[in-house]
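> give the three-dimensional model of this entry:
(one chain, ligands or ions: 1)
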Amino acid sequence: MSRNTEYLERGKRRIPGLTQLLSKRPDQFAPGVWPTYFSKAHGTEVWDLDGRKYTDMSISGIGANILGYCDPDVDAAVMQCVRDGNSSSLNAPEDVELAELLCDMHPWADKVRYTRSGGEAMTVAVRIVRAATGRDRIAFCGYHGWSDWYLAANLTSDESLTEHLLPGLSPLGVPKGLHGTALPFRYNKIEELKAIFDKYPGEVAAVVMEPLRNEMPEPGFLQEVKALAKAAGAVLVFDEVSAGFRLNTGGSHLLLGVEPDVAVFAKAMSNGYPMAAIIGRGEVMDAVERTFISSTYWTDRIGPVAALATIRKHQRDNVAAHLSMIGKAVQDVWTQAAAEAGLEIHVYGIHPMSHFGFDGGDAQAKMTFYVQEMLKHGILASNRFYANFAQQMTHVEQFAAATRSVFKDIARLAPQGPMGPHLTGGVSRPGFHRLN
Ligand code: PMP
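All right, here's what the predicted structure looks like:
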């Protein structure tokens, strides 16, 4: 048995769901063949437990490793921090330096709080806006993590979170008393947000949304959201956990020209070291002092040290331009390889966070076959591509040659019948399902 398989079996016995993050489960890619565990990762290369080396053209640590693995500048800062002490009875001065940097980058913001992950930071943001307004209801759009406040949307109907990135998330364990507190509307559907405000006048604490995800806002959409929120006395919260630091240094809202009252960052801001920030206008953020928000490891030093080093490099080296260049090249590879092979696919998403899917029947099996065969070419690939700064055009060329070859195989095999028999470990199952 390979060491990868052995760890998979041991992990399944001891860890319900196998991993702490749905997007790193092997059933999301290609069950039975996806390597699942890594021994080391460097630049854009990852080694599995059996010593096989892969070029990572998949999710870059689900968008966290925006500079690539073991970035030398960030890691040097972190190593120094480890040598000097990561934690003590006193606080890290980098907390202050990072707060100042974030407020300088986002001049509308006055104050900052920290957590260490995105879902946690969104939960803190929701607590703050509820405390600031004295209201309970949240109008939201998109995905915001695993917390009760968010999954409460699915107490109303299993369908509420459909079209919000992860349909069908079960609210089991979420108190039924939260029913009706999380009210979904869809991106670019301003009338759905209007309907929420009409139904609950004076009761909505905040509008919580990503300023952009897979598509750009329609002209005026974000401005209308902001105007509606303001008129209703609700706080506007932009979740920049995924959108931030992709198209520009800082929040994507800086590009889109709409300033929120609160913005939340995580993931890409610290290149794989846990860090998250909630930034906001003083009058909203000061509510923190009237509620209770406090946790030991929200004070570790590696987080802000890594964030400072990541953000400074991001700015200095114009990382965003590189991410867009690489992401566009990957989208072109998918499109051209599909055209050459005569396959129908759809490609979407902003360049730094690109996606594609096969059209027509047996689409999930075709995708699983793609992942499985790309592994044979020494490449981690999937339906999603999150660009990082360590990826170069040479990696894209390796990826292009492999993708062309696998797409041709799919075009040859698919007309002969279902792809299932060509899969070593069954069809992937994106979304939330039991593992065993
Ligand atoms: N908000 C958005 C927009 C996200 O994309 C994610 C993660 N995919 C989260 C919140 C949750 O962040 P985390 O996984 O760090 O808890």
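> for the residue in the stretch 51-200 of the chain positioned nearest to the ligand, give its distance to residue 264.
The stretch 51-200 of the chain approaches the ligand most closely through residue 118 (2.3 Å), counting by CB to the nearest ligand atom. C-betas here are computed from N, CA, C, even on glycine. Using CB to CB, to the nearest Å, we find residue 118 at a distance of 7 Å from residue 264.
> who has more neighbours, those two?
More neighbours surround residue 264 than the other of residue 118 and residue 264, with 32 against 25 (other CB atoms under 10 Å).
> wait, isn't that one in contact with residue 253?
No - using CB atoms under 8 Å as the test, residue 264 is too far from residue 253 to be in contact (11.3 Å).
> overlap in contacts, these two.
Residues touching both residue 264 and residue 253 (CB atoms under 8 Å, 6 or more residues apart in numbering) are 238, 240.
> now do the contacts for the residue in the stretch 301-436 of the chain positioned nearest to the ligand.
Across the stretch 301-436 of the chain, the shortest distance to the ligand (CB to the nearest ligand atom) belongs to residue 353, at 9.4 Å. Listed by CB under 8 Å, 6+ apart, the contact set of residue 353 reads 63, 213, 214, 242, 246, 327, 384, 385, 386, 387.
> does it have beta-bridge partners, and which?
With beta bridges defined as DSSP bridges, residue 353 has these partners: residue 386.
> coming back round to it: identify the contacts common to residue 118 and residue 264.
Contact criterion CB under 8 Å, 6+ apart; residues shared by residue 118 and residue 264: 239, 241, 276.
> flag every buried residue along the longest helix that the chain contains.
Ranked by residue count, the top helix of the chain under DSSP state H comes out as helix 319-341. For helix 319-341, burial by neighbour count (16 or more other CB atoms under 10 Å) applies to 319-320, 322-324, 326-331, 333-334, 337-338, 341.
> which residues of the stretch 1-150 of the chain lie near the ligand?
117, 118, 119, 122, 143, 144, 145 (CB under 6 Å from any ligand atom).
> tell me the two of these that are most distant?
Spanning the widest gap among those are 117 and 143, at 13.8 Å by CB to CB.
> mark which of the contacts of residue 353 are buried, thanks.
Applying 16+ other CB under 10 Å to the contacts of residue 353 flags 63, 213, 242, 246, 327, 384, 385, 386, 387 as buried.
> redo those residues as TSV? Include pLDDT.
TSV is the format used below for those (pLDDT from 0 to 100):
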residue	pLDDT
63	96
213	90
242	97
246	98
327	98
384	97
385	98
386	98
387	98
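> okay if I get these as CSV plus distance to residue 45?
As requested, the buried ones among the contacts of residue 353 are exported to CSV (distance: CB to CB, whole Å):
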residue, distance to residue 45
63, 18
213, 28
242, 24
246, 22
327, 19
384, 19
385, 16
386, 16
387, 15
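> which residue is nearest the centroid of this structure?
The centroid of the chain falls nearest to residue 242 when counting by CA atoms, centre = their mean (4.3 Å).
> which secondary structure element is home to that residue?
Assigned by DSSP states H and E, residue 242 belongs to neither a helix nor a strand.
> hmm, it is touching residue 213, no?
Yes - counting by CB under 8 Å, residue 242 does reach residue 213; the two are 6.8 Å apart.
> buried ones in stretch 363-379, by neighbour count?
For stretch 363-379, by 16+ other CB under 10 Å, it's 364-375, 377, 379.
> now what about the lowest-mean-pLDDT helix or strand in the chain, what contacts it?
Lowest by mean pLDDT, DSSP states H and E among the helices and strands of the chain is helix 153-156, with a mean of 86. With CB under 8 Å, 6+ apart as the test, helix 153-156 has contacts from 140, 160-161, 164, 169-171, 174, 176, 178-180, 182-184.
> widest-spaced pair of those residues?
Pairwise distances among those were taken by CB to CB; the largest, 20.5 Å, belongs to 164 and 176.
> so for those two, which sits in the more crowded spot?
Taking neighbours as other CB under 10 Å, residue 164 and residue 176 compare with residue 164 leading, 20 against 8.
> so that one is in which element?
Using DSSP H and E, no helix or strand contains residue 164.
> need the pLDDT of residue 435.
At residue 435, the model reports a pLDDT of 58.
> same question for residue 164.
73.
> residue contacts, it?
Residues near residue 164 by CB under 8 Å, 6+ apart: 140, 141, 142, 143, 153, 184.
> what's the answer for residue 147, then?
Neighbour list for residue 147: 119, 120, 122, 123, 126 [criterion: CB under 8 Å, 6+ apart].
> isn't the third one right up against residue 265?
No - counting by CB under 8 Å, residue 265 is not a contact partner of residue 122; they are 10.7 Å apart.
> between these two, which contacts overlap?
Residues touching both residue 122 and residue 265 (CB under 8 Å, 6+ apart): residue 241.
> all strands of the stretch 251-400 of the chain, in order?
Under the criterion DSSP state E, counting those that start in this stretch, the stretch 251-400 of the chain contains strands at 262-265, 276-280, 345-348, 353-358, 379-380, 384-386.
> a markdown table for the ones you listed, including distance to residue 200?
Converted to a markdown table, the strands of the stretch 251-400 of the chain look like this (distance: least, CB to CB, whole Å):
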| stretch | distance to residue 200 |
| --- | --- |
| strand 262-265 | 20 |
| strand 276-280 | 23 |
| strand 345-348 | 33 |
| strand 353-358 | 33 |
| strand 379-380 | 45 |
| strand 384-386 | 35 |
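> residue 405: which of those is closest?
With CB to CB as the criterion, residue 405 lies closest to strand 379-380 of the strands of the stretch 251-400 of the chain, at 11.0 Å.
> distance of the residue nearest to residue 320 when sequence neighbours are not counted from residue 104?
Leaving aside its sequence neighbours, residue 320 sits nearest to residue 248 (CB to CB, 6 or more residues apart in numbering; 5.1 Å). According to CB to CB, residue 248 stands 15 Å off from residue 104.
> show me what residue of the stretch 251-400 of the chain gets nearest to the ligand.
In the stretch 251-400 of the chain, the residue that lies nearest the ligand is residue 266 (4.8 Å; CB to the nearest ligand atom).
> right, and residue 77 touches residue 303 too?
No - counting by CB under 8 Å, residue 303 is not a contact partner of residue 77; they are 11.5 Å apart.
> so these two - more neighbours on which side?
Under the neighbour definition other CB under 10 Å, residue 77 and residue 303 were set side by side, and residue 303 has more, 28 against 22.
> which residue, other than its chain neighbours, is closest to the more buried one?
Per CB to CB, 6+ apart, closest to residue 303 is residue 275, 3.7 Å.
> could you do residue 133 as well?
residue 205 (4.4 Å).
> cool, residue 370 as well?
residue 406 (5.5 Å).
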